[in-house]
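S.K.: based on what follows, work out the 3D shape:
(one chain, ligands or ions: 2)
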Amino acid sequence: MYKIQTLNNISVAGLNRLPREQFEVASELSHPDAILVRSAKMHDLPVPASLKAIGRAGAGVNNIPVPAMTERGIAVFNAPGANANAVKELVLAGMLLAARNIAQGWQFARELEGDDAAIGKAVEAGKKQFVGFELPGRTLGVIGLGAIGVLVANAARALGMKVIGFDPSITVRSAWKLEADVERALSIDDLVSRSDFMSFHVPLTDKTRHMINAERIQSMRDGAVLLNFSRDGIIDDDAAVTALDAGKLYAYVCDFPSNLLKTHPRVVTLPHLGASTCEAEENCAVMVADQVRAYLEDGNVSNSVNFPEIHLPRNGGHRMVVVNRNVPNMLGQISTDLAEDGLNIIDMLNRSRDDLAVTLIDIDKPCQEQTVQRIAGIDGVLSVRCLPDAVQA
Ligand SMILES: NC(=O)c1ccc[n+]([C@@H]2O[C@H](COP(=O)([O-])OP(=O)(O)OC[C@H]3O[C@@H](n4cnc5c(N)ncnc54)[C@H](O)[C@@H]3O)[C@@H](O)[C@H]2O)c1
Ligand SMILES: O=C(O)[C@H](O)COP(=O)(O)O
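M.R.: Residues are numbered from 1 along each chain as shown. Ligands and ions are numbered 1, 2, ... in the order given. Presented below is the predicted three-dimensional model:
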């Protein structure tokens with residue numbers, strides 16, 4: 001029986017991928033084999049010795065101490081693309097909220113008083129404060145052309161906008177999906193100087209934190225609009241508010257409220273709603289539940305942010321999963337230990353990613369605890385486990 005701890009609400013569609021006969025799933029349990037999480041911050045949580053995998057039912061993994069997990073041989077999975085459409089739809093809504101002053105107009109309407117005749121009069125007198133502008137012909141700059149950025153760029157093209165994008169590490173897959181007339185910016189500075197709207201779709205890292213600061217805002221077009229559905233910290237909010245107050249920026253729409261932002265008249269904040277649709281929550285939960293299950297049961301890895309992709313079908317034999325540093329002679333030492341314990345390798349696959357390697361080894365006899373301990377004692381081995389035998393169809 002595997003134990004799965006949930007740190008946030010995970011869609012039941014995902015939890016249903018973990019049959020109760022094989023998986024105990026609860027928000028509070030001891031010695032979990034895996035944790036399923038959304039945005040709960042894990043940096044200060046103790047890491048149980050039993051933990052083998054973390055499944056982030058979403059895209060961003062900045063709430064998880066990934067390098068520390070890698071050091072302990074713990075796989076971290078996410079759900080790339082599974083909530084991208086949900087975010088794209090909210091970005092489109094955000095552009096319209098800003099361009100048409102919808103939040104401000106709605107607030108005005110809610111505060112109207114008097115009988116309906118008085119309200120009608122106040123509406124006609126007051127509406128001129130909320131005159132907006134239309135999207136076709138305006139330029140959207142998209143920073144980060146991954147799962148979400150590509151959808152945002154293509155949707156904006158379909159609305160008649162000119163779109164320029166910047167992503168120095170764009171994948172071939174994303175490039176194929178991008179509309180051909182999305183223009184490539186040479187740099188962030190090039191993009192910000194030519195955009196009316198800017199939407200950010202990058203992970204929060206040391207390199208992306210405050211990628212929009214006071215200096216970059218000064219080089220933007222007058223009346224530009226910022227959209228941050230990426231992460232708190234990508235934009236220097238103090239600089240954005242100063243520029244809004246000075247009339248340099250027109251509006252700021254973002255998914256990360258704070259005391260500074262939440263009541264500012266030119267800011268619309270939403271309570272981190274980017275991925276909060278039933279469809280996205282289901283997609284993310286199903287994807288990570290399947291990935292975590294495949295890793296626990298077979299050692300196979302899909303969509304990990306720190307482990308290499310590795311897939312070895314179960315063709316009989318007793319499987320060991322070894323996570324080790326990517327240094328010379330690891331396989332030699334592992335196979336020597338197996339041979340000394342009288343175990344013969346039937347099949348083996350080794351894959352590496354950066355400084356880490358995963359080795360799946362199918363052996364002819366059930367593995368004993370003493371063998372696990374010997375292999376775990378090899379310098380450079382981060383984790384070892386023997387899997388229960390696969391259920392034969
Ligand atoms: N508001 C929400 O609810 C919500 C929902 C989903 C994702 N997100 C955030 O959006 C981010 C992006 O999600 P995604 O699914 O598109 O991820 P993704 O990994 O598919 O795409 C991220 C892209 O950013 C690019 N990138 C990285 N650093 C860059 C830089 N300095 N300049 C330009 N491009 C850079 C990468 O090359 C990649 O193509 C996530 O990391 C997460 O923080 C927020
Ligand atoms: O990175 C993500 O996928 C989003 O920020 C969604 O976060 P959530 O799962 O907490 O809604």
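S.K.: list, one by one, the residues from the stretch 251-393 of the chain near ligand 1.
M.R.: 255, 272, 274-275 (CB under 6 Å from any ligand atom). Where C-beta positions appear, they are placed from N, C-alpha and C, glycine not excepted.
S.K.: any low-confidence regions in the stretch 151-300 of the chain?
M.R.: When residues are selected by pLDDT under 70, none of them lie in the stretch 151-300 of the chain.
S.K.: correct me, but residue 1 touches residue 29?
M.R.: No: checked against CB atoms under 8 Å, the pair residue 1 and residue 29 is beyond contact range at 11.0 Å.
S.K.: who has more neighbours out of the two?
M.R.: The neighbour comparison of residue 1 against residue 29 (other CB atoms under 10 Å) goes to residue 29, with 13 against 9.
S.K.: quick check: that one vs ligand 2, distance?
M.R.: Separation of residue 29 from ligand 2 (CB to the nearest ligand atom, to the nearest Å): 21 Å.
S.K.: what sits against that residue?
M.R.: Residues near residue 29 by CB atoms under 8 Å, 6 or more residues apart in numbering: 3, 5.
S.K.: next one: residue 61
M.R.: Taking CB under 8 Å, 6+ apart, we find residue 61 in contact with 76, 78, 203, 305.
S.K.: farthest-separated two in these?
M.R.: Greatest spacing in the contacts of residue 61, by CB to CB: 76 and 203 (13.1 Å).
S.K.: looking at those two, which one has more neighbours?
M.R.: For residue 76 versus residue 203, the count of surrounding residues by other CB under 10 Å is larger for residue 76: 23 against 16.
S.K.: so that one bridges to which residues?
M.R.: Residue 76 has these beta-bridge partners by DSSP bridges: residue 54.
S.K.: you'd agree it is up against residue 60?
M.R.: No: proximity of residue 76 to residue 60 does not meet the contact threshold set by CB under 8 Å, at 11.8 Å.
S.K.: would you mind measuring from the closest residue to ligand 1 within the stretch 151-300 of the chain to residue 78?
M.R.: In the stretch 151-300 of the chain, no residue comes nearer to ligand 1 than residue 274, which is 2.5 Å away by CB to the nearest ligand atom. Summarising the geometry, the distance separating residue 274 from residue 78, computed by CB to CB, to the nearest Å, is 15 Å.
S.K.: before we move on, what about residue 327?
M.R.: The gap separating residue 327 from residue 78 is 27 Å, by CB to CB.
S.K.: and those two? Which one has more around it.
M.R.: Neighbours were tallied for residue 327 and for residue 78 using other CB under 10 Å; the higher tally belongs to residue 78 (23 against 11).
S.K.: how about that one, what does it touch?
M.R.: Residues touching residue 78, when contacts are defined by CB under 8 Å, 6+ apart, comprise 55-56, 58-61, 288, 303, 305.
S.K.: kindly report the same for residue 187.
M.R.: Shown here is residue 187, whose contacts under the criterion CB under 8 Å, 6+ apart are residue 166.
S.K.: tell me the phi and psi of it?
M.R.: With angles defined as degrees, to the nearest 10, residue 187 shows backbone torsions of phi -160, psi 170.
S.K.: residues of the stretch 51-200 of the chain that sit close to ligand 2?
M.R.: Among all residues of the stretch 51-200 of the chain, those adjacent to ligand 2 (criterion: CB under 6 Å from any ligand atom) are 58-60, 83.
S.K.: using the three-state scheme, assign residue 157.
M.R.: When the structure is split into helix, strand and coil by DSSP: H, G, I helix; E, B strand; the rest coil, residue 157 lands in helix.
S.K.: that one contacts residue 179, correct?
M.R.: Yes: using CB under 8 Å, residue 157 is in contact with residue 179, at 4.8 Å.
S.K.: who touches both of the two?
M.R.: Overlap between the neighbourhoods of residue 157 and residue 179 consists of residue 163, taking contacts as CB under 8 Å, 6+ apart.
S.K.: pick out whichever of these two has more residues nearby.
M.R.: Comparing residue 157 with residue 179 by neighbour count (other CB under 10 Å), the higher total belongs to residue 157, at 17 against 14.
S.K.: mind checking how far that one is from ligand 2?
M.R.: 24 Å.
S.K.: quick one: residues contacting the closest residue to residue 31 other than its chain neighbours.
M.R.: Excluding its sequence neighbours, the residue lying closest to residue 31 (CB to CB, 6 or more residues apart in numbering) is residue 50, at 4.1 Å. In this structure, residue 50 makes contact with 3, 31-33, judged by CB under 8 Å, 6+ apart.
S.K.: now do residue 355
M.R.: When the contact criterion is CB under 8 Å, 6+ apart, the partners of residue 355 are 70, 325-326.
S.K.: buried stuff in the helix or strand residue 176 falls within?
M.R.: Take DSSP states H and E as the rule and residue 176 turns out to sit in helix 172-177. Residues of helix 172-177 classed as buried: residue 174 (neighbour count, 16 or more other CB atoms under 10 Å).
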